[in-house]
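Colleague: I would like the atomic coordinates for the input below:
(2 chains)
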There are 2 protein chains.
Amino acid sequence: MTSSYKSYQTVETLPSVIGQSVVLNGWVYDSTGKGKLQFIKLRDGSGTVQCVLFKGNVSEELFAEAKTLTQESAVRITGTVRAEERAPSGVEVDVTDLKILSLSKDYPITPKEHGIEFLMSNRHLWLRSSRQHAIMRVRAVIVKAIRDFFDGNGFVLADSPILTPAACEGTSTLFETEYFDLGKAYLSQSGQLYAEASAMALGKVYTFGPTFRAEKSKTRRHLTEFWMVEPEMAFFDLNDDMDLAEDMVEYIVQTVLKHRRKELESLGRDISKLEAVRRPFHRMSYTEAVEWLNKNNVKLNRKQPDGTEIQIDFPWGEDFGSPQEEAIMQQFDKPCIIHRYPSEVKAFYMKRDPENPKVALAMDMLAPEGAGEIIGGSQREDDYEALKERILSHDLPLESFEWFLDLRRYGSVPHSGFGLGLERTVKWITGAEHIREVIPYPRMITRIEP
Amino acid sequence: MTSSYKSYQTVETLPSVIGQSVVLNGWVYDSTGKGKLQFIKLRDGSGTVQCVLFKGNVSEELFAEAKTLTQESAVRITGTVRAEERAPSGVEVDVTDLKILSLSKDYPITPKEHGIEFLMSNRHLWLRSSRQHAIMRVRAVIVKAIRDFFDGNGFVLADSPILTPAACEGTSTLFETEYFDLGKAYLSQSGQLYAEASAMALGKVYTFGPTFRAEKSKTRRHLTEFWMVEPEMAFFDLNDDMDLAEDMVEYIVQTVLKHRRKELESLGRDISKLEAVRRPFHRMSYTEAVEWLNKNNVKLNRKQPDGTEIQIDFPWGEDFGSPQEEAIMQQFDKPCIIHRYPSEVKAFYMKRDPENPKVALAMDMLAPEGAGEIIGGSQREDDYEALKERILSHDLPLESFEWFLDLRRYGSVPHSGFGLGLERTVKWITGAEHIREVIPYPRMITRIEP
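Modeller: Numbering: from 1, shown residues only, chains lettered A, B, ... in the order given. The predicted structure is shown next:
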């Protein structure tokens, strides 16, 4: 039995069959006539190529039919591949035969400008446009780079569940659903706690799936459903964790440059900015970052009891917001890790720095060019009593965390991990302005369709 | 900056450093003394190795301390790697130093038999046992094989959303959640409809994520949360679809044999059965399958109005259940695809066979050894009027499917796809008896913890 589907030619592979006759299936991106020539820009999902129909080469009927082609009509084109150095793909196709599979009428997305709500409502069609197409192809390579990085470095994929019985950090920003006779279940906003259990079984693991936040944040950086990869490593301390995060991000960016340079160029991305993303990245402690802010007069706006605002020095202990992060990153051309944040602003499961219990062994990686935080991670609390005490002081239900405490009862070891937000990473690397463009079907607080 | 974490040795890589001194971090699987020797079976997630502590090589204190080691205590062992052909891993470690990281007390999972409910409640610890460890390592390689297969064959990953506004086939088996001010959202039970839209933009795509069924099925083959990979290909007909499915399954099985043979052997899997999974697989039409059942006297139990049961010939038009599938598969040593099912028993979006409208261009792949259905797929209805008529006759809300109909309005093309259930595939390949063992944290109608 032969695989007939393997004989289908795609636009992507045309440069390897110059001079040969091929059959291409695809959609008309654009079709314009000029005398005895009809130029059909064909897209087939793998790329676009110009197909040239010369009146003398085909029947009168066929030439007339080709003139009726509209945007997004589906066609099967037979033709000869010709090298054409002026073409972006390096080739053109001289058409010898053409079959119309379906004529498209009044395709709603025309080359003119459309409002964003219209495009979002037509996301299922908008994906066909060259810009969205390029972003999706970059996204897919980023996912592959992430998985290859971990699979190639001794990690075992161990996916955490989506449906979880209790909240990791309160239920206020969780989607909930009825779960048979067992009460409510919640959609996970992080696979970390389960990844910790998996790491104790498998050493180095990662979980990579959709996560959910029912948060009423309406920014260019927030989705209610987004993908996150979360590695978790037994025996890794905070330094190992930061080293791994740098290795991974360098690998992702350099892999995209290798395999999707054409797409980045078509998006108008400044490639040199990505080429600079090489280890070592920058690192500073939170305390150093606060000193830097105050030395450079980056003030914090603080509301007074009487309603007026004053500008104050950034107080140690407060969490950074976008203004602080952006100010810090303006000096850097590659990512920077900020580590050892005040314990008070970080999650209960993070280990305190033995040398200074006021800070947690936490780290965030900020991307340059205003892209903001792409990674958050930490060394985890591995002391049973310390963790239990913190669960109680955070008013979390102890019984829900007994299994998590088991990891400190039975063979507790130093361990660390982090989470990388996929969409924020795609947004940074593609240079997309808004996060809604970097996931096939974005979900936001005002959008769940199509 | 050097990556310190890279210098950590793992059990998996020991055969390449025979004669060298190494440092291993891990957990005690078993520790037994015999005179001046203490044998510590160490697991570190990547594998297990026997470490031998000879009293003469270490201090009295250290030897005494090593004797206190309990199951699942965490240790750091320094020692010399020695070839040992009687050992399953081919090596042993002669201990020169040992540091106890944490002593484990009364680890609940002992070598004795435990009830399944107890093990399920301790899933976070049960994963550490050698059998579960092996299954998880096979699972990870199956996922990687699937992704590599598609990434290497011109597919673009385009993940479908989990939160969806309306049901693809009724809401009775869907988990639902409140979605801000937009009413109810449902957890997707298939990414197919969105994958069809993605395929019109990107040609060949796949979506691979968790899917959800709030179905009250309590069998060895049902989970409420499970992973599914769904490729969708523009311009593929049913034959292409079946060819692709065969190629993929062959690639998965042969990749597992190549990279996880040791794990399969430790699970007691009959390797020869998997080696036989080579193309071409078997194929028969539904009609041929019915004829085979009747020729071989595989009767159907049919309840009569008076409550008694009689045995009848299998009537054309009825869907197959497990008894029919198992009877058919008993003759085969590799998977079989059954195609062209009666339209009535298949989904509304499947294309009718132009040569016989009573059957749909559908196909299911059944795995041998009683593993049952692992793939369901079809060529999709690409005619606007036919699809619209079917949506209406199935009493589905037309307005929710307008975007899906758009794919037939604008550049409709023949296209096909299928879904492979990850857990059913892992169950088949590992030979696990129950599906609860083949996902890290199983979710079933009576189980959402830990």
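Colleague: Contact partners for A:Thr68?
Modeller: By C-beta atoms under 8 Å, 6 or more residues apart in numbering or on different chains, the contact list for A:Thr68 reads A:Leu103. In this view, the C-beta of every residue, glycine as well, is placed from N, C-alpha and C.
Colleague: I believe it is in a strand; please confirm or correct that.
Modeller: No. Read with DSSP: H, G, I helix; E, B strand; the rest coil, A:Thr68 is coil and lies in no strand.
Colleague: Now it: phi and psi?
Modeller: For A:Thr68, the backbone dihedrals (degrees, to the nearest 10) come out as phi -90, psi 0.
Colleague: Same question for A:Glu61.
Modeller: Torsion angles, degrees, to the nearest 10, at A:Glu61: phi -60, psi -50.
Colleague: With A:Glu449 instead?
Modeller: Dihedral angles (degrees, to the nearest 10) for A:Glu449: phi -120, psi 160.
Colleague: contacting residues around the closest residue in space to it that isn't next to it in sequence?
Modeller: Nearest residue to A:Glu449, sequence neighbours excluded (C-beta to C-beta, 6 or more residues apart in numbering or on different chains): B:Pro165, at 5.1 Å. With contact taken as C-beta under 8 Å, 6+ apart, B:Pro165 is in contact with A:448-450, B:182, B:185-186, B:400.
Colleague: per-residue pLDDT, B:Pro165?
Modeller: Among the per-residue scores, B:Pro165 holds a pLDDT of 91.
Colleague: Quick check: neighbours of the lowest-mean-pLDDT helix or strand in chain A in the sheet, parallel or antiparallel?
Modeller: Scoring the helices and strands of chain A by mean pLDDT, DSSP states H and E places strand A:300-303 at the bottom, with a mean of 90. Applying DSSP bridges to the sheet, strand A:300-303 is found paired with strand A:309-312 (antiparallel).
Colleague: what ranges do the strands span in the stretch 1-150 of chain A?
Modeller: A:21-34, A:37-43, A:48-54, A:74-83, A:91-102 (DSSP state E, counting those that start in this stretch).
Colleague: Export those as a markdown table, with columns for distance to A:Val141.
Modeller: Output for the strands of the stretch 1-150 of chain A, formatted as a markdown table (distance: least, C-beta to C-beta, whole Å):
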| stretch | distance to A:Val141 |
| --- | --- |
| strand A:21-34 | 22 |
| strand A:37-43 | 19 |
| strand A:48-54 | 19 |
| strand A:74-83 | 26 |
| strand A:91-102 | 23 |
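Colleague: Can you report how many residues lie near A:Asn239?
Modeller: By the measure other C-beta atoms under 10 Å in any protein chain shown, the count of residues near A:Asn239 is 18.
Colleague: Double-check that it belongs to a strand.
Modeller: No. Counting by three-state DSSP, A:Asn239 is not part of a strand but helix.
Colleague: Could you tell me how far whichever residue of the stretch 251-400 of chain A sits closest to chain B is located from A:Pro335?
Modeller: Among all residues of the stretch 251-400 of chain A, A:Pro280 sits closest to chain B, at 4.0 Å; criterion: C-beta to the nearest C-beta. Using C-beta to C-beta, to the nearest Å, A:Pro280 is found at 10 Å from A:Pro335.
Colleague: Need the overlap of contacts for the two.
Modeller: With C-beta under 8 Å, 6+ apart as the test, A:Pro280 and A:Pro335 both reach A:Glu246.
Colleague: Could you check which of the two is surrounded by more residues?
Modeller: Neighbour count, other C-beta under 10 Å: between A:Pro280 and A:Pro335, A:Pro335 has more, with 24 against 12.
Colleague: Pretty sure that one sits against A:Ala367.
Modeller: Yes. Judged on C-beta atoms under 8 Å, A:Pro335 makes contact with A:Ala367 at a distance of 5.2 Å.
Colleague: Overlap in contacts, the two.
Modeller: A:Ile374.
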